[in-house]
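Trainee: from the sequence below, what's the structure:
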Amino acid sequence: MGIFGHITTEPRANALFRLYLALPFLPPKQFIPRLRVMVQDIRTLPAQCRPGFLKFHRYVYNYWVKQVRPERISVFDRARRTNNALEGIHATMAKRMAVHGNIFKLIHDLDVQIWKPTEAKLKAPPVAVGANAQSRGQRLRER
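Mentor: Here you go, the predicted model:
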């Protein structure tokens, strides 16, 4: 049985697995110290759970910590905790809307959170790149 079978039958295995899922919420500098504690926690699990969890622990450490790096995984103290803006908008809307929510509240939220900010970005003047940057219109007027 892999770790997922143990997660459903062993409460301590379930709690430990949830700690792995919560790692991205830690500051990057706390990843390795926390993983050291978690490997000690694995040793307290029932014997049948340990091999699978040790294999999973090695995977998390060797791939997510060594290759991807905690700085890229951590969402600690970040305004956006997702790499997908649409996912963030969906999560925000899901929190604000009930299962059978009010359509007028939805329209208001879409207007305030999506349409108006997008409209403001579209109306914003172009950003100059470099000290001598001018808009095409300014260059044509100066000729």
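
Trainee: ranges for the helices of this structure?
Mentor: Ranges of helices in the chain, per DSSP state H, are 3-9, 11-22, 31-42, 50-59, 70-73, 85-96, 103-110, 116-123, 136-142.

Trainee: give me the contacts around the shortest one.
Mentor: Residues outside helix 70-73 that contact it (Cβ atoms under 8 Å, 6 or more residues apart in numbering): 23, 24, 28, 29, 31, 32, 64. Where C-beta positions appear, they are placed from N, C-alpha and C, glycine not excepted.

Trainee: what residues go with each domain of this structure?
Mentor: Listed domain ranges for the chain are 3-73, 84-143 (source: automatic domain parsing).

Trainee: let me know the average pLDDT across stretch 28-46.
Mentor: Across stretch 28-46, the average pLDDT comes to 94.

Trainee: before we move on, back to that, which one, of the helices of the chain, ends up nearest to residue 79?
Mentor: helix 85-96 (9.6 Å; Cβ to Cβ).

Trainee: quick revisit: mean pLDDT lowest where, among the domains of the chain?
Mentor: domain 84-143 (a mean of 67).
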